[in-house]
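Asks: quick check, what structure comes out for this input:
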Amino acid sequence: MGTLHLLFNAVTVIFIAATMFAAGLGSTLSALRTAVTNLPLLLLALVANLAVIPLLGWGLAAMLGLTSAPFIAMLLAASSPGGPFGAKLGMVQHGDVVTGAAMQVLLAAIGSITFGITANALLTAANVGGAITLDVGVLVRTVAILQLVPFAIGLLLRHYAPDTALAWHPAAVKVSNVTFLLVLAGMLLGNWHDVIALLGTRTLLAGFLFSATAFAVGTLLSTGTWVRRTTLGGVASVRNAGPALAAVGLAFDDEPSILGALAAVLLSGLAAAIPLAAVLGRRRSPPTS
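Replies: Numbers count the residues shown, from 1 in each chain. Sure thing, here's the model as predicted:
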């Protein structure tokens, strides 16, 4: 059991690092600069993803009366913006892919710093599971290293060695996708008793409603065309699994019930976000570039 635990942690670290390395390889300084300098868009995205959506997760968990483990999982997911699949939803809906990808990367980078603070504040305020608190300093430092360092390396490669970055990008994306599937499989299969127990609860409903409502929040708290707004809605609807997994490992010793609940929240969220993006995509023509 100890070996499996170490293997799961190793795959989780590879997933987090590969995801952000791929994000760096796929980004350009000009695209990030454009997103940063559009202050109304940036400020609204930050308010939506760092304040409104975390509070939304808390409100839904409380309203649906989730038990301790799903409640914690919901708060951790809600506190973690910038899930990489959010940028892919921009492609599915034929949206503003460049802006969506740039904002997803920015949110993931900023979330590396804010996640521990936000999650700790929500867990303390909700008093779920008996006054649980996170070691914010350790969590911020760990998540920042796991996310920001690989992203910075990828971004520097893209800037100074673009041919190499473009050649490495597909492989990095594959590693990210495969390890994400392995992490999800480990969360589900390694904690299947807890996952099955969730089928009779409102956890799956909570994850579905959270993602659908976050999609609406991200769309409304945006600027520009409807295409850009819904693209940022898709980015907001998908949370970043990496920091949440790091928190479960650091603060909860990979508690099986929390890992199972987190997998359920993430998967039910995708079950809401992907059809929404697909419906929008069917109503639009594919982008010309």
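Asks: now the protein, which segments are flagged as low pLDDT?
Replies: Across the chain, the ranges flagged by pLDDT under 70 are 1-2, 5, 129-134, 190-195, 285-289.
Asks: at the geometric centre of it, which residue sits there?
Replies: In the chain, the residue lying closest to the centroid (C-alpha atoms, centre = their mean) is residue 240, at 1.6 Å.
Asks: ok now do residue 249, which residues does it touch?
Replies: 9, 12 (C-beta atoms under 8 Å, 6 or more residues apart in numbering). Placement of C-beta: from N, CA and C, glycine included.
Asks: distance of residue 224 from residue 235?
Replies: 13 Å (C-beta to C-beta, to the nearest Å).
Asks: give the burial count for the closest residue to residue 69 other than its chain neighbours, as a bare number.
Replies: Leaving aside its chain neighbours, residue 69 sits nearest to residue 257 (3.9 Å; criterion: C-beta to C-beta, 6 or more residues apart in numbering). Residue 257 has 20 neighbouring residues, counting by other C-beta atoms under 10 Å.
Asks: quick check: residue 257 touching residue 66?
Replies: No: applying C-beta atoms under 8 Å, one finds residue 257 not in contact with residue 66, separated by 11.9 Å.
Asks: touching, residue 206 and residue 265? I think so.
Replies: Yes: here residue 206 reaches residue 265: they are 6.9 Å apart, a contact under C-beta under 8 Å.
Asks: ok, these two, which is more surrounded?
Replies: More crowded of residue 206 and residue 265, by other C-beta under 10 Å: residue 265, with 30 against 26.
Asks: can you name the residues that contact that one?
Replies: Listed by C-beta under 8 Å, 6+ apart, the contact partners of residue 265 are 70, 73-74, 77, 203, 206-207, 210.
Asks: helices - which of those land there?
Replies: Residues of these located in helices (DSSP state H): 70, 73-74, 77, 203, 206-207, 210.
Asks: what's the closest non-adjacent residue to residue 9?
Replies: Among residues not flanking residue 9 along the chain, residue 249 sits closest, at 6.1 Å (C-beta to C-beta, 6+ apart).
Asks: which strand or helix spans the one you found?
Replies: Using DSSP states H and E, residue 249 sits within helix 241-252.
Asks: also residue 138?
Replies: Per DSSP H and E: helix 136-160 holds residue 138.
Asks: residues in contact with that helix?
Replies: Applying C-beta under 8 Å, 6+ apart, the contact partners of helix 136-160 are 13, 16-18, 20-29, 32, 105, 108-109, 112-113, 115-117, 119-120, 164-166, 168, 172, 242-243, 246-247, 250-251.
Asks: over to stretch 13-20?
Replies: With C-beta under 8 Å, 6+ apart as the test, stretch 13-20 has contacts from 84, 108, 146-151, 154, 172, 175-176, 179-180, 182-183, 241-242, 245-246.
Asks: of the residues you listed, buried ones?
Replies: With burial judged by 16 or more other C-beta atoms under 10 Å, the buried subset of these is 84, 108, 146-148, 150-151, 154, 172, 175-176, 179-180, 182-183, 241-242, 245-246.
Asks: ranges for the strands of the stretch 151-289 of the chain?
Replies: Read by DSSP state E, counting those that start in this stretch, the stretch 151-289 of the chain holds no strands at all.
Asks: and residue 171, how far from residue 18?
Replies: According to C-beta to C-beta, residue 171 stands 9 Å off from residue 18.
Asks: tell me which of those two has more neighbours.
Replies: Set residue 171 next to residue 18 and count neighbours by other C-beta under 10 Å: residue 18 wins out with 23 against 12.
Asks: C-alpha coordinates for the strand or helix carrying the more buried one, PDB please?
Replies: Taking DSSP H and E as the criterion, residue 18 maps to helix 2-25. Extracted C-alpha coordinates of helix 2-25, given in PDB (Å, rounded to 0.1, in the frame of the first residue of the first chain):
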ATOM      1  CA  GLY A   2       2.900   2.300   0.800                       C
ATOM      2  CA  THR A   3       4.400   1.700  -2.700                       C
ATOM      3  CA  LEU A   4       1.100   2.500  -4.400                       C
ATOM      4  CA  HIS A   5       0.800   5.600  -2.400                       C
ATOM      5  CA  LEU A   6       4.300   6.800  -3.400                       C
ATOM      6  CA  LEU A   7       3.500   5.900  -7.100                       C
ATOM      7  CA  PHE A   8       0.300   7.900  -7.000                       C
ATOM      8  CA  ASN A   9       2.100  10.900  -5.500                       C
ATOM      9  CA  ALA A  10       4.800  10.600  -8.100                       C
ATOM     10  CA  VAL A  11       2.300  10.500 -11.000                       C
ATOM     11  CA  THR A  12       0.500  13.500  -9.500                       C
ATOM     12  CA  VAL A  13       3.700  15.500  -9.400                       C
ATOM     13  CA  ILE A  14       4.500  14.600 -13.000                       C
ATOM     14  CA  PHE A  15       0.900  15.600 -14.000                       C
ATOM     15  CA  ILE A  16       1.100  19.000 -12.400                       C
ATOM     16  CA  ALA A  17       4.600  19.800 -13.700                       C
ATOM     17  CA  ALA A  18       3.900  18.500 -17.200                       C
ATOM     18  CA  THR A  19       0.700  20.400 -17.500                       C
ATOM     19  CA  MET A  20       2.300  23.700 -16.600                       C
ATOM     20  CA  PHE A  21       5.400  23.000 -18.700                       C
ATOM     21  CA  ALA A  22       3.100  22.300 -21.700                       C
ATOM     22  CA  ALA A  23       1.300  25.600 -20.900                       C
ATOM     23  CA  GLY A  24       4.500  27.500 -21.000                       C
ATOM     24  CA  LEU A  25       5.600  25.800 -24.300                       C
END
